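Trainee: missing the sequence, but the structure's below:
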């Protein structure tokens with residue numbers, strides 16, 4: 001069994017234990033929830049700049065999951081208690097959050113660009129070959145991952161290692177992240193009153209489940225980053241193209 005597989009099993013088992021403990025012990029306070037509430041307060045105070053900062057940190061962080069999507073969700077639905085009117089425009093919240101998320105992801109590109117030597121040479125070469133042979137597919141992949149909650153570091157980091165132009169990464173990233181964040185902000189405007197009952201309570205099962213799912217996505221994303229075999233993918237793709 002590969003080391004990455006063993007690490008995945010240990011991580012999933014630890015996450016399962018963590019989830020059980022957080023549910024069975026009511027007084028258990030999650031460090032992630034504490035960080036989330038802190039970031040949410042920052043967003044309230046800083047207005048539009050708050051989701052920008054949180055989205056940047058959420059996408060720049062590789063080891064500590066930050067629920068930036070939920071912050072965008074909440075900010076999109078914030079209501080002024082005095083007037084009863086919404087405080088922020090969801091389109092603007094989404095675009096600003098998308099910009100912050102894109103800048104955060106670009107740190108992953110820089111990590112790959114400057115630390116590509118830590119990725120095996122055959123993997124770097126294979127990834128470069130894939131980009132050259134599928135120039136139209138690469139931006140679509142970047143956009144597709146950006147518009148989903150799936151961590152996309154496993155793609156962005158190798159793109160940097162392959163010296164893929166930064167602007168070809170940033171543009172589809174910004175479009176995809178902004179679209180996703182606009183949807184999150186509008187979801188907050190339309191349903192915050194309902195979800196606040198559950199998500200506003202850190203001790204609720206719903207809140208803890210969302211937290212664990214976010215960590216799970218991070219673990220799986222990092223696992224794919226380590227295990228993906230671009231050389232095999234490219235060899236298979238070239239064989240199909242030659243048929």
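Mentor: Great, that's in hand. Predicted, not measured: the structure shown is a model, and the values here were computed from it.

Trainee: Which secondary structure elements does the longest helix along the chain sit against?
Mentor: With residue count as the measure and DSSP state H as the assignment, the chain has helix 166-199 as its longest helix. Counting by 3 or more Cβ pairs under 8 Å, 6 or more residues apart in numbering; DSSP states H and E, the packing neighbours recorded for helix 166-199 are helix 49-60, helix 68-77, helix 90-115, helix 137-146, helix 153-161, helix 205-227. In this view, the C-beta of every residue, glycine as well, is placed from N, C-alpha and C.

Trainee: ok, and which of those has the densest surroundings?
Mentor: With neighbours defined by mean count of other Cβ atoms under 10 Å, none of the helices and strands packed on helix 166-199 is more surrounded on average than helix 68-77, at a mean of 27.

Trainee: tell me the angle of that helix relative to helix 166-199?
Mentor: 70 degrees (axes from the mean of the first three to the mean of the last three Cα atoms, to 10 degrees).

Trainee: Averaged pLDDT, helix 68-77. What do you get?
Mentor: pLDDT averaged over helix 68-77 equals 87, rounded to a whole number.

Trainee: which residues sit against it?
Mentor: Contacting residues not belonging to helix 68-77 are listed as 36, 39-40, 43-44, 50-51, 54-55, 57-59, 86, 88, 90, 93-94, 97, 100-101, 149, 180-181, 184-193, 195-196, 199, 210 [Cβ atoms under 8 Å, 6 or more residues apart in numbering].

Trainee: Next: stretch 101-113.
Mentor: Residues from elsewhere that reach stretch 101-113 (Cβ under 8 Å, 6+ apart): 55-62, 68, 119, 146, 152-153, 156-164, 166, 169-170, 173-174, 177, 181.

Trainee: In contact with residue 12, which residues are there?
Mentor: Shown in contact with residue 12 (Cβ under 8 Å, 6+ apart): 216, 219.

Trainee: following the helix or strand containing it, which helix or strand comes up?
Mentor: Using DSSP states H and E, the secondary-structure element containing residue 12 is helix 3-24. If you walk from helix 3-24 toward the C-terminus, the next helix or strand you reach (DSSP H and E) is helix 31-46.
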